[in-house]
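[1] any chance you can model this:
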Amino acid sequence: MVVMEILKNLDGYKILLVSHSPRRQSLLRSLGIEFSVGESAVDESYPDDLDVMTIPVYLSQQKARHCVPAADAQTLVIAADTIVCLDNVVFGKPSSPAEAKEMLRRLSGKMHQVITGVTLLTAKEEKSFSVTSDVTFAPLSENEIEYYVTRYAPLDKAGAYGVQEWIGMIGVKSISGSFYNVMGLPMHRLYQEMKQLLPL
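    A predicted model of the protein is given here:
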């Protein structure tokens, strides 16, 4: 059920968020929306010829479409995927603490892009979009990187960091674009797109 009266077009929809990310769940809940969490265990590989900007949209589409068999005509599926990109190289989720540390070393003192792709899927329509934010890190010392990776174990985060965590507080020099996008869900754009969805 949609709590916010301003989203009356979505009355009657059951909302399914295809993400086990606690950050995305918290952000969507803060928007005043009740939802359930859907399974997102899909192959996160992508065609080699995809443009970097297209990768997270492609992955969000795969996640949303994976849930179609379990959905019905009253279901709105929301799926998202976030990547970090430095010099056209994609940083996904690190597979080990050592890889996480190496990612942070490469991001240290540089500007990179955080790109989130989102897909909204109902029985009537499918909408996909992406949002990009530029994030600049101050130089990080080995001690700072070691402290963060050891204390926060960011293996579930693209680029090996959470902007809302300690590393963001001490290391993120500036953000151009949506802060919430860097967290994993571009709330302003998502809200605007949800307002335009067709009612039941």
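[2] wait, L120 touches T75, no?
    No. Using Cβ atoms under 8 Å, L120 is not in contact with T75; the gap is 11.2 Å. The C-beta positions use only the backbone N, C-alpha and C, and glycine is treated the same way.
[3] which of the two has more neighbours?
    A side-by-side neighbour count of L120 and T75, using other Cβ atoms under 10 Å, places L120 first with 22 against 18.
[4] assign the residue nearest to the more buried one when sequence neighbours are not counted to helix, strand or coil.
    Leaving aside its sequence neighbours, L120 sits nearest to K127 (Cβ to Cβ, 6 or more residues apart in numbering; 4.6 Å). With DSSP: H, G, I helix; E, B strand; the rest coil as the basis, K127 sits in strand.
[5] contacting residues for K127?
    Residues near K127 by Cβ atoms under 8 Å, 6 or more residues apart in numbering: T119, L120, L121, E193, Q196, L197.
[6] next, count neighbours for the first one.
    This points to T119. Applying other Cβ under 10 Å, I find that T119 has 24 neighbouring residues.
[7] related to what we said a few turns ago, which residues do L120 and T75 both contact?
    Counting by Cβ under 8 Å, 6+ apart, nothing touches both L120 and T75.
[8] please enumerate the strands of the protein.
    Along the chain, counting by DSSP state E, strands occupy 14-18, 36-37, 75-86, 89-91, 111-121, 126-137, 172-176.
[9] what's near enough to touch T116?
    T116 neighbours (Cβ under 8 Å, 6+ apart): P56, A80, D81, T82, S130, V131, N181, G184, L185, P186.
[10] local confidence estimate at it?
    We have a pLDDT of 97 for T116.
[11] likewise V3?
    In this model, V3 is scored at 52, pLDDT.
[12] and if you look at Q113?
    pLDDT at Q113 comes out at 98.
[13] residues in contact with the closest residue to it other than its chain neighbours?
    Spatial nearest neighbour of Q113, chain neighbours left out: C85 (4.5 Å); criterion: Cβ to Cβ, 6+ apart. Contacts for C85 (Cβ under 8 Å, 6+ apart) come out as V52, F91, H112, Q113, V114, I115.
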